[in-house]
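Undergrad: only geometry, no sequence info:
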């Protein structure tokens, strides 16, 4: 019998837990928000379809230690496929969201003698730290548009989705820090910077002119050969270990030119090799820049006999994935 998918969604208040539940509901999951922990077994025994439950500090009798004990017990059941999602965001982003919505933080009741929102966020982060450490997926929504969040959830939890390794090629800018979900990080700041070319500065790595400039750098070809040569034997090993999601982060100074071009080109290269790969651009998403992707594919190469329909090995074993 195929194990029943069960996704538990938790995280910091205001980080998008409810949005994640709505996407799962659209994917066919039965969703329950803030059920008491004591009735979780009853919910799982009363049904056959995929189930998603949201729990946070507003849940009656919420206890992270008890929740972790319950998760360990549920993971041991052969009839369940259990996954824990932890939603988080930067403190400044959470403060802004609470200011915009005028809602009270569950651990910061307010009032003349009440706790400040900042203190409530800090208390909640400390309380939920064990759940974050145990999560299969930590998703940072600080600069994540809802359409991108939906794409990421659909890639992981779409019921009809194919098994195997899903690869995300993520561009970013170093001033804002490394992407928290990154498994592999590559620094492209050694390449010539299109920012200093007046005609290229307003463009992005999605524009062919920027791509041509970066690819023309004398050091790019050697870097590209070593990057793809490094990944070629590595990816099958990840699959053999049961890993289901891999984020490859490529960074540059602003996250707008070099890293964007490289992320698009790498995703295209991996698809040509038979892997399921997508691209995402953190800094462009933060700017609200959502253009139609330009064609940054590598020059067509003749197919290698027997590899036209190559598929990476598939593994159905759930894999721990922490950002």
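TA: In hand now; what should we look at? Quick caveat, the model's predicted, so the values are computed rather than measured.
Undergrad: May I have the beta-bridge partners of the residue nearest to the spatial centre of the chain?
TA: Per CA atoms, centre = their mean, the C-alpha nearest to the average position across the chain is that of residue 139, at 5.4 Å. Each beta-bridge partner of residue 139 is listed here: residue 87, as defined by DSSP bridges.
Undergrad: pretty sure residue 284 is in contact with residue 261, am I right?
TA: No. Using CB atoms under 8 Å, residue 284 makes no contact with residue 261, being 11.7 Å away. The C-beta positions use only the backbone N, C-alpha and C, and glycine is treated the same way.
Undergrad: Apart from its chain neighbours, what residue comes closest to residue 8?
TA: Using CB to CB, 6 or more residues apart in numbering and skipping residues adjacent in sequence, the residue nearest residue 8 is residue 84, 5.1 Å away.
Undergrad: helix or strand right after the helix or strand hosting residue 167?
TA: Secondary structure assignment for residue 167, by DSSP states H and E: strand 166-173. Taking DSSP H and E as the definition, the helix or strand that follows strand 166-173 towards the C-terminus is strand 184-187.
Undergrad: chain center to that following strand, what's the gap?
TA: 16 Å (CA atoms, centre = their mean, to the nearest Å).
Undergrad: so what secondary structure elements neighbour the strand or helix carrying residue 126?
TA: Residue 126 is part of helix 117-134 when elements are defined by DSSP H and E. Helix 117-134 is packed against strand 4-11, helix 64-75, strand 80-88, helix 91-101, with contacts defined by 3 or more CB pairs under 8 Å, 6 or more residues apart in numbering; DSSP states H and E.
Undergrad: Isn't residue 173 up against residue 252?
TA: Yes. Residue 173 sits in contact with residue 252 when judged by CB under 8 Å, with a separation of 6.6 Å.
Undergrad: Could you list the low-pLDDT ranges of the stretch 151-300 of the chain?
TA: Low-confidence segments of the stretch 151-300 of the chain, defined by pLDDT under 70, span residues 160-164, 289-300.
Undergrad: Tell me where it has helices.
TA: 208-215, 220-240, 258-272, 282-286 (DSSP state H, counting those that start in this stretch).
Undergrad: Show residues contacting the third one.
TA: The set of residues that contact helix 258-272 without belonging to it, under CB atoms under 8 Å, 6 or more residues apart in numbering, is 167, 169-173, 186, 188-189, 191, 193-194, 204-206, 210-211, 214-215, 224, 227-228, 231, 235, 248, 250-252, 277-281, 284, 293-294, 296-298, 301.
Undergrad: let's go with 6 Å and repeat that
TA: Outside of helix 258-272, the residues within contact range by CB atoms under 6 Å, 6 or more residues apart in numbering are 167, 169, 171, 188, 191, 204-205, 210-211, 214, 250-252, 277, 279, 281, 296-298.
Undergrad: Same check on the last one?
TA: Residues lying outside helix 282-286 but in contact with it, judged by CB under 6 Å, 6+ apart, are 143, 145, 148, 172-173, 255-256.
Undergrad: Now list the buried members of the contacts of helix 258-272.
TA: When burial is judged by neighbour count using 16 or more other CB atoms under 10 Å, the buried members of the contacts of helix 258-272 are 167, 169, 171, 188, 191, 204-205, 210-211, 214, 250-252, 277, 279, 281, 296.
Undergrad: Give me the three-state assignment for residue 19.
TA: helix (DSSP: H, G, I helix; E, B strand; the rest coil).
Undergrad: which ones are touching residue 176?
TA: Residues in contact with residue 176, defined by CB under 6 Å, 6+ apart, are absent; none qualify.
Undergrad: Recalculate using a threshold of 10 Å.
TA: Contacts were defined as CB atoms under 10 Å, 6 or more residues apart in numbering; by that measure residue 176 touches 90, 142-143, 251, 254-255, 282-283, 286.
Undergrad: ok, so of the residues you listed, who is nearest residue 127?
TA: Comparing those against residue 127 with CB to CB picks out residue 90 as the nearest, at 17.9 Å.
Undergrad: Not counting its neighbours along the chain, what's nearest that closest one?
TA: Here the nearest residue to residue 90 in space, its sequence neighbours aside, is residue 142; by CB to CB, 6+ apart that works out to 4.5 Å.
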